[in-house]
Structures are given as C-alpha cells and as structure tokens.
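**Student:** Attaching a predicted model along with its sequence, questions to come.
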Amino acid sequence: MELRNINTFLHVAELHSFSQAARELDYSQSAVSSQIAQLEEELTVPLFDRVGKTVRLTDAGQTFLHYARTLLTTAQQAKAALQPAPEASGTLRVAIADSLCSALMPPLLERFHALCPRVEVSLRTATTQEMQDLLTANRADLAYTFDQPVTHPAFIRLLDEPEPCCFLAPAGHPLAGRQGLALADLAGQEFLLTERGMSYREALEHLLAARKLSLRPYLELGDAALLCRLVERGLGLTFLPRYMVDASLTGQAVPLDVADCRIEMRRQLFCHKDKWITPQMEIFISLCRRQTAAGNSPIPAGSPQWGS
C-alpha cells in the first residue's frame, strides 16, 4: 500500500472532489483516479461513491479514513525520527476572534515565523459562526474562538481554556480598591464598551438584564487596547477579558472585584475532523498550547515538537 495513494485518498476525502485534489497535489486528474483505483483494488472495496460531480466516502471509505490518517501520520513521525526535522513550508490559514489578535498573536506569530520562515500565514478575523463556516468549507485550517463553549460534531477541539472577564477602572476612581462591589454599584458610572455583538459584552448584557440593570456607554469601539488606554486616562470604566487587561495595563488602571459578576468565556482552538494536520499546523497548535501553559506570557524558548 503506497503512502502516495493514501495521501491522495485523504485529499479527495477532504475536498470531496477528484479535480480539486489533483490541483492541490499538482497531479493530473487521471493520476488521482488511478491512485484511488489502485487503493480500492488493494482493499477490495470501493472507497468513494461517484454521482456526477459529487464525490463522497462509502461506509468502507469512512472506516478506512481513520486508518489512513494513522498510517500517514505514523510514516511521517518515523521519517522525522530518523532525519533532521524538515522545514515547514506552504501556507497556514487561521480564522480567529478579533479579541484574541492584539493580546496573544504578536508574540506567537513572532515565534512561529522564527520556526517556519517559509510558511505564508493568512490570519482572518471572523465571528464564531463565520469560523465554523470557513472550517466546513475548507477555507481555514484552524479556528481560534473566544466565545461561549463551542461544540460541533465535525470539529476536533485542540485547545480549550477558560478565560474570565473583569471590569476595569482608572486607578484614581472612587470604586478602585473597594471591596464588596456589586453590579448595582456600577449602574450609574460612565462606561466605554466594546461594540455590540462581541461575545463577552453579550454575556454581560444578559446578566444585567437578568438583574434588571443596564449600563449606558457613552463610547463604543472595537479596539480593546485603546479602551484600556482611555480608561487609564480617566475617561470611564470598561469590561474586558482579563488576559486583554493584563496585556495592556501600565499601572494607571485597576481591575474591579465585582462579587456578583463572574463571567467566564472559553478560548478554543479547532480544526475539521477530516483535515490532515500539516507540519505548520502542528507547530502553531503547539505554540498556542505552550502560550496557554505559560499563562499567556511570552512563549518559552525552544522548538516545539510536532504533535506536542
């Protein structure tokens, strides 16, 4: 059983198309068809149903999919163990929540580029629903969400980290340092908030509505780092994920401890279950995990190993 044929099988299974797989692999369509035919002859079962231009896995093909991934991954690991690690090349397409970009991506992308200088990275901000659509359509390799917990039968969860949110006030504000604060204490304060539709703002508004309270921001904008700067200048209070606050503070603003407001979102990294994990995906995933293990601090030195 040739690894080349298994690789071709995985591409056809992922793209649902012989012609697209041929373009992706730089083969002729007849070569792709021939390789799949060889594989089907060896296994003595049809792997794909071909109805017009539509290609889908048979039950046998669906069963073989798991083994094909394992075979190819094992072969790659064996080769890597016997040779110096090859330099990753090609592309990496990451769909990501806007709120994760400014705080977490700069040090991670710096480290990734140092490890994979030949990889072209496409970073696209999107809503959680848009990210799910991109993964399903194979227009993104990875999706990095910041939202309520996401579950999807077609996605593999590669990272799942709780992320608390908090209120932020200027250091000289009357509420700064006060113990036993409640949401009701904030109702009359001047607020600067992120735009409507941001997951953590929606979670806050649902909680406020349940308490029959409301906040009336006099400024709304999508740049969390700028919100922190404005709070430090004494322009009002805001509500943000704690990791964004920690990354932006210079000492002129302080988080507030509001006892009856404990909002926690999830930072999750996904790929599609039918997606072949490329070397550059492995490295990006490993860096995300190491960044999380370091408490979202700069990523520790050292080259991550594929699969770590």
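**Tutor:** Everything's here; your move. Residues are numbered from 1 along each chain as shown.

**Student:** The closest residue to residue 6 other than its chain neighbours - how many residues pack around it?
**Tutor:** Distance criterion C-beta to C-beta, 6 or more residues apart in numbering; nearest residue to residue 6, sequence neighbours excluded, is residue 68 at 5.0 Å. C-betas here are computed from N, CA, C, even on glycine. For residue 68, the count of nearby residues is 22 (other C-beta atoms under 10 Å).

**Student:** And the strands in the stretch 1-150 of the chain, which stretches?
**Tutor:** 48-51, 54-57, 89-96, 118-125, 142-147 (DSSP state E, counting those that start in this stretch).

**Student:** which helices and strands sit right next to the last one?
**Tutor:** Spelled out, it's strand 142-147. Contact analysis of strand 142-147 by 3 or more C-beta pairs under 8 Å, 6 or more residues apart in numbering; DSSP states H and E lists strand 89-96, helix 98-115, helix 128-136, strand 155-170, helix 199-210, strand 264-272, helix 279-293 as its packing neighbours.

**Student:** now the ones you listed as TSV including mean neighbour count?
**Tutor:** Formatted as TSV, those follow (neighbours: other C-beta atoms under 10 Å):
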stretch	mean neighbour count
strand 89-96	18
helix 98-115	17
helix 128-136	18
strand 155-170	18
helix 199-210	16
strand 264-272	21
helix 279-293	20
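
**Student:** circling back to that earlier point, right, so the strands of the stretch 1-150 of the chain: which one is the most enclosed?
**Tutor:** strand 142-147 (a mean of 25; mean count of other C-beta atoms under 10 Å).

**Student:** Mind listing the strands it pairs with, and their directions?
**Tutor:** strand 89-96 (parallel), strand 264-272 (antiparallel) (DSSP bridges).

**Student:** so the residue nearest to residue 6 touches residue 5, yeah?
**Tutor:** No. Assessed by C-beta atoms under 8 Å, residue 68 is found out of contact with residue 5, at 9.5 Å.

**Student:** The strands of the stretch 1-150 of the chain: which one's closest to residue 30?
**Tutor:** The closest of these to residue 30 is strand 48-51. By C-beta to C-beta, the value is 14.3 Å.

**Student:** how far is that closest one from where the chain is centred?
**Tutor:** Centroid displacement of strand 48-51 relative to its chain, using C-alpha atoms, centre = their mean, to the nearest Å, is 33 Å.

**Student:** What strands flank that strand, and is each parallel or antiparallel?
**Tutor:** strand 54-57 (antiparallel).

**Student:** So what touches the partner strand?
**Tutor:** 12-13, 16-18, 47-49, 65 (C-beta atoms under 8 Å, 6 or more residues apart in numbering).

**Student:** for those, which one is nearest residue 264?
**Tutor:** residue 65 (35.6 Å).

**Student:** Assess the claim that the closest one and residue 274 are in contact.
**Tutor:** Yes. Judged on C-beta under 8 Å, residue 65 makes contact with residue 274 at a distance of 7.3 Å.

**Student:** between the two, what contacts are shared?
**Tutor:** residue 13.

**Student:** would you turn the strands of the stretch 1-150 of the chain into TSV with mean pLDDT and distance to residue 185?
**Tutor:** Shown next, in TSV, are those (pLDDT from 0 to 100; distance: least, C-beta to C-beta, whole Å):
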stretch	mean pLDDT	distance to residue 185
strand 48-51	84	63
strand 54-57	86	58
strand 89-96	92	35
strand 118-125	93	34
strand 142-147	94	27
